[in-house]
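Trainee: Whatever this is, show me its structure:
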Amino acid sequence: MRKNKITRRDFLKVTGVTSAGLALSACGIDVTKLPAATATPSITPFPTSTATPTLTPTPRPPTLGELARKLGFDIGLSLSLGYGSLYIPECQNFLLNFSMLTDGMASNPEFTDSNRSEGFDYWHDLSDFAKNHNLSLDLNHFFWAFGYFQDDSVSHDMVNGSKDEVDAYMKSRVEKFFKIPYFTSVNFVNEAIPNNPSTLDYGWGKMYNPFYRIYGENYPYECYKVSWNEAIRTGRIVGQDVHLIYNTASSEVKSAGADFELRYLAKLKDKLSKELGIERPFDIGMQFHITTAENKWLWNAKKFDYNSLLEHLKNIAEIGDIRITEFSISDTNDGQEQKDILHTIFEAFVDSKVGKSFVMWDPIGSALNMNVDVMPNLVDKSYKPMFMFDELYKILQSKS
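Mentor: You can find the predicted model right below:
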């Protein structure tokens with residue numbers, strides 16, 4: 001159930017008020033409680049002067065998003081449709097510290113492949129909010145086989161669908177998303193070659209995967225082509241108006257799985273470049289879900305050091321621009337430990353100069369205690385920045 005549920009009509013009212021009252025609310029003034037005027041005030045004219053006054057605007061510190069964009073990339077966070085955070089004025093004020101938004105739930109088939117309308121209604125609201133405030137917007141995943149076709153999914157029947165049925169599903173799904181008036185990027189395929197951080201096992205994700213069953217290892221190419229074709233049909237230029245992202249499950253710096261996927265991506269890039277005449281047809285998304293615990297299905301913090309990660313990012317960027325699509329820290333309440341992990345990953349990303357976006361995974365959920373695998377201590381339950389927000393700001397200031 002959505003907390004603090006507000007209707008779409010309320011949302012439109014809220015965004016109208018919030019846009020005008022952001023500066024006041026940021027100073028702790030409740031714009032909803034300003035007194036109403038009871039009479040027309042009398043106005044005393046200013047004395048005439050022959051000298052032209054010199055006006056000095058009050059300096060305003062840049063936001064996180066503005067600092068990041070000066071360095072050539074976007075910084076943002078993931079929301080979750082189920083929390084209703086977008087419709088809360090205090091949350092909107094917090095979002096405007098950043099330059100990018102995404103949502104980890106609205107692309108789920110429960111909201112996109114059924115008769116329910118909440119998902120796309122929400123995406124349109126998020127699209128309007130992002131465009132009105134000059135924020136980049138990512139649409140999450142077009143195609144994620146394992147995540148979207150499990151037994152309890154509304155789209156489970158597609159697992160055994162015919163080629164014609166699967167092709168029609170792919171085309172229909174992409175068309176729905178491209179009806180959203182404004183977005184800047186999307187994962188055309190997610191976690192095609194899963195890697196297990198604990199065992200370092202890797203291989204093609206075949207379970208619950210109708211795309212692999214039909215197209216084999218060529219299925220990311222097919223996912224890309226249906227996305228490309230719809231972009232062209234709707235007048236968007238790939239690489240300018242919209243960026244198509246191959247989102248990898250791996251953050252490993254050196255492993256057989258990482259090397260295997262890198263070789264595959266190099267071949268995919270060459271194939272698409274020759275066919276479509278675009279030098280860099282896709283960006284590469286990377287996930288950094290970092291844990292301090294041992295033997296957990298997350299990437300252990302000990303695996304990463306600044307220099308190795310810096311080199312790794314630059315190597316991958318020879319194929320496509322880098323986007324950190326999901327960053328989280330789990331299993332530690334130690335503030336200094338959280339800061340150390342942030343510095344290692346984020347500074348390597350910034351210093352590599354090959355990154356285009358850095359997205360933190362669902363800090364709102366972290367603040368509301370709804371998810372343990374999230375970015376901690378970025379924002380509190382009142383949507384006020386916390387110490388990890390300040391740490392991000394310090395890092396960006398030092399790089400500017």
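Trainee: Assign a three-state SS to Trp123, would you?
Mentor: Classification of Trp123 by DSSP: H, G, I helix; E, B strand; the rest coil places it in helix.
Trainee: Enumerate every residue touching it.
Mentor: Counting by Cβ atoms under 8 Å, 6 or more residues apart in numbering, Trp123 touches 103, 106, 139, 177, 180. For glycine as for every other residue, the C-beta is placed from the backbone atoms N, C-alpha and C.
Trainee: mind redoing it with 6 Å?
Mentor: Neighbouring residues of Trp123 by Cβ atoms under 6 Å, 6 or more residues apart in numbering: 106, 180.
Trainee: Could you list the low-pLDDT ranges of the chain?
Mentor: Applying pLDDT under 70 to the chain flags residues 1-55, 197-200, 295, 370-373.
Trainee: Give me the residue at the spatial middle of it.
Mentor: What sits nearest the mean C-alpha location of the chain, by Cα atoms, centre = their mean, is Thr102, with 3.8 Å.
Trainee: So what's the residue count around the residue nearest to that one when sequence neighbours are not counted?
Mentor: Distance criterion Cβ to Cβ, 6 or more residues apart in numbering; nearest residue to Thr102, sequence neighbours excluded, is Asp138 at 3.8 Å. Other residues near Asp138 come to 25 when the count uses other Cβ atoms under 10 Å.
Trainee: Got phi/psi on Asp138?
Mentor: phi -110, psi 140 (degrees, to the nearest 10).
Trainee: ranges for the helices of the stretch 151-300 of the chain?
Mentor: 163-178, 210-215, 219-233, 256-276 (DSSP state H, counting those that start in this stretch).
Trainee: now for these, which one comes closest to Ile316?
Mentor: Comparing those by their distance to Ile316 (Cβ to Cβ), the top pick is helix 256-276, with 6.8 Å.
Trainee: re the thing from before, roughly how far apart are the residue nearest to the centre of the chain and Val374?
Mentor: 14 Å (Cβ to Cβ, to the nearest Å).
Trainee: cool, and Lys176?
Mentor: Separation of Lys176 from Val374 (Cβ to Cβ): 28 Å.
Trainee: So which of those two has more stuff around it?
Mentor: Counted by other Cβ under 10 Å, Lys176 and Val374 do not tie: Val374 has more neighbours, with 27 against 16.
Trainee: For the more buried one, give me its contacts.
Mentor: Applying Cβ under 6 Å, 6+ apart, one finds that Val374 lies in contact with 328, 361-362, 365-366.
Trainee: for Ile341, same thing?
Mentor: Ile341 makes contact with 290, 301, 329, according to Cβ under 6 Å, 6+ apart.
Trainee: any idea how far the residue nearest to Thr102 lies from Cys223?
Mentor: Asp138 sits 16 Å away from Cys223, going by Cβ to Cβ.
Trainee: Then Thr325?
Mentor: 16 Å.
Trainee: These two: who's more crowded?
Mentor: Neighbour tally, Thr325 and Cys223, criterion other Cβ under 10 Å: the higher count belongs to Thr325, 27 against 24.
Trainee: wait, that one sits on Asp283?
Mentor: No: counting by Cβ atoms under 6 Å, Thr325 sits too far from Asp283 to count as a contact (9.5 Å).
Trainee: So which residues of the stretch 301-400 of the chain form strands?
Mentor: Taking DSSP state E, counting those that start in this stretch, the strands of the stretch 301-400 of the chain run over residues 322-330, 355-360.
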